[in-house]
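Undergrad: Fold the following and give me the result.
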Amino acid sequence: MSCSMKPDYLQNLILLQWPLSYLAIFWIVQPLFIGLLFTPLWPLPTLYFVWLFLDWKTPNQGGRRSAWVRNWNIWTHIRDYFPITILKTKDLSPSQNYIMGVHPHGLLTFGAFCNFCTEATGFSKTFPGITPHLATLSWFFKIPLIRDYIMAKGVCSVSQASIDYLLSHGTGNLVGIVVGGVGEALQSVPNTTTLILKKRKGFVRTALQHGAHLVPTFTFGETEVYDQVLFHEDSRMFKFQSIFRRIFGFYFCVFYGQGFFHQDCKGLLPYHRPIVTVVGEPLLLPQVKNPSQEIVDKYHTLYMDALYKLFEQYKVQYGCSDTQKLMFL
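TA: Reported below is the predicted structural model:
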């Protein structure tokens, strides 16, 4: 097959910098910064690590968001690459707090990042008075420098303490939780809509305890931007993926998209396919300090029903076939 050559190199570079920036901080910037301890500039890293020790509670207390970082122009280039958009179906009142279910996880969660960790798609204008927080693995906040970088975008720890803090300090807070977690990454295959949700009920219990409303969302196109190589459960590669997850908290996925120089060739860049996050109508919950399992099950079922209806309403409009069904595991 011949390879066409019509890429936007600047846009490609900017897209790559997002995931690669974390690797650069971890493998290059962080070692160089620690290396300063053995130079005349040793006071700089020393002061940072002292401050790090004193600042350890911040990821569990709302983080440290930066409007400047969230408004960087580079995020608009990432938005336009696919493109990524957000669709509001109902207003969210600033007088309430919310837990938002983010579905599906996908491989790199482009939609959730762009919509809730940046202002590229205009979240603050779309939902005035609402402060979004996207929850992620707690161990990220134990890594020097990276913790500060992700907190600046409004990312918080997915720990119970972190979510409890946000839902009990003021109103207008929205905590986005990728309910399917990293396990759902292995379900990220084009033309499939499978969510790990049936037994994931902790977010409903937390919402009831705080009287926070539940907001279902579905990001169409999230699983379409990469092809993934899936391995049989008895294979050595699948066993390696499982061990990798136990150690690092996420799967080592083998995936590919398009090339940097030639769009028709295989590479690490995602495909240019639209990603649309549809934010559904909030499900109103009562505040129940100690909800029974029966109450949790009731509202969990109502949430799954609302999410299913949201998917059915918009699936054809945003690229799914009329016969495609949302599956829950």
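
Undergrad: If you count contacts, what does the lengthiest helix in the chain end up packed against?
TA: Of all segments of type helix in the chain, defined using DSSP state H, the longest is helix 293-314. For helix 293-314, the elements it packs on are helix 202-210, strand 213-220, strand 275-279, judged by 3 or more C-beta pairs under 8 Å, 6 or more residues apart in numbering; DSSP states H and E. C-beta here means a position set from N, CA and C on the backbone, and glycine is covered the same way.

Undergrad: Could you list every helix and strand that whichever helix or strand comes after that helix packs against?
TA: The helix or strand immediately downstream of helix 293-314 is strand 327-328, counting by DSSP states H and E. Using 3+ C-beta pairs under 8 Å, 6+ apart as the contact criterion, the neighbours of strand 327-328 among helices and strands are strand 194-195.

Undergrad: repeat that for 10 Å
TA: strand 194-195, helix 293-314 (3 or more C-beta pairs under 10 Å, 6 or more residues apart in numbering; DSSP states H and E).

Undergrad: Most tightly packed of the ones you listed?
TA: Using mean count of other C-beta atoms under 10 Å, the stretch among these with the largest mean neighbour count is strand 194-195, at a mean of 20.

Undergrad: Mind exporting the C-alpha coordinates of the worst-scoring helix or strand of the chain on mean pLDDT to PDB?
TA: Among the secondary structure pieces of the chain, namely its helices and strands, helix 9-24 has the lowest mean (mean pLDDT, DSSP states H and E), a mean of 77. As requested, C-alpha coordinates have been extracted for helix 9-24 and formatted as PDB (Å, rounded to 0.1, in the frame of the first residue of the first chain):
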ATOM      1  CA  TYR A   9       3.900  17.900  11.800                       C
ATOM      2  CA  LEU A  10       3.400  20.600  14.500                       C
ATOM      3  CA  GLN A  11       0.100  19.100  15.600                       C
ATOM      4  CA  ASN A  12       1.700  15.600  15.600                       C
ATOM      5  CA  LEU A  13       4.600  16.800  17.800                       C
ATOM      6  CA  ILE A  14       2.200  18.600  20.200                       C
ATOM      7  CA  LEU A  15       0.100  15.500  20.500                       C
ATOM      8  CA  LEU A  16       3.100  13.300  21.300                       C
ATOM      9  CA  GLN A  17       4.400  15.700  23.900                       C
ATOM     10  CA  TRP A  18       1.400  15.000  26.100                       C
ATOM     11  CA  PRO A  19       2.200  11.300  26.900                       C
ATOM     12  CA  LEU A  20       5.900  11.700  26.300                       C
ATOM     13  CA  SER A  21       6.200  14.600  28.700                       C
ATOM     14  CA  TYR A  22       5.500  12.300  31.600                       C
ATOM     15  CA  LEU A  23       8.300   9.900  30.500                       C
ATOM     16  CA  ALA A  24      10.600  12.900  30.000                       C
END
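
Undergrad: Pull the residues that contact it.
TA: With contact meaning C-beta atoms under 10 Å, 6 or more residues apart in numbering, helix 9-24 is reached by 8, 29-30, 73-78, 80-82, 108, 110, 113-114, 118, 140, 143, 145-146, 149-150, 258-261, 263, 267-270, 272.

Undergrad: got it, and stretch 255-263?
TA: Under the criterion C-beta under 10 Å, 6+ apart, residues 2-7, 9, 12-13, 15-16, 107-108, 185, 188-189, 225-230, 264-273 lie in contact with stretch 255-263.

Undergrad: Quick one, which of those are buried?
TA: Of all the contacts of stretch 255-263 considered here, the ones buried according to neighbour count by 16 or more other C-beta atoms under 10 Å are 7, 12, 15, 107-108, 185, 188-189, 225-228, 230, 269-273.

Undergrad: Now, those that are in strands?
TA: Using DSSP state E, the members of the buried ones among the contacts of stretch 255-263 that fall in strands are 227-228.

Undergrad: Can you tell me who residue 255 pairs with across the strands?
TA: On DSSP bridges, the residues paired with residue 255 through beta bridges are residue 228.

Undergrad: how many neighbours does it have?
TA: Residue crowding around residue 255 was assessed by other C-beta atoms under 10 Å; the count is 17.

Undergrad: on that earlier part again, dump the helices and strands packed on helix 293-314 to CSV, plus mean neighbour count.
TA: Formatted as CSV, those follow (neighbours: other C-beta atoms under 10 Å):
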stretch, mean neighbour count
helix 202-210, 21
strand 213-220, 24
strand 275-279, 24
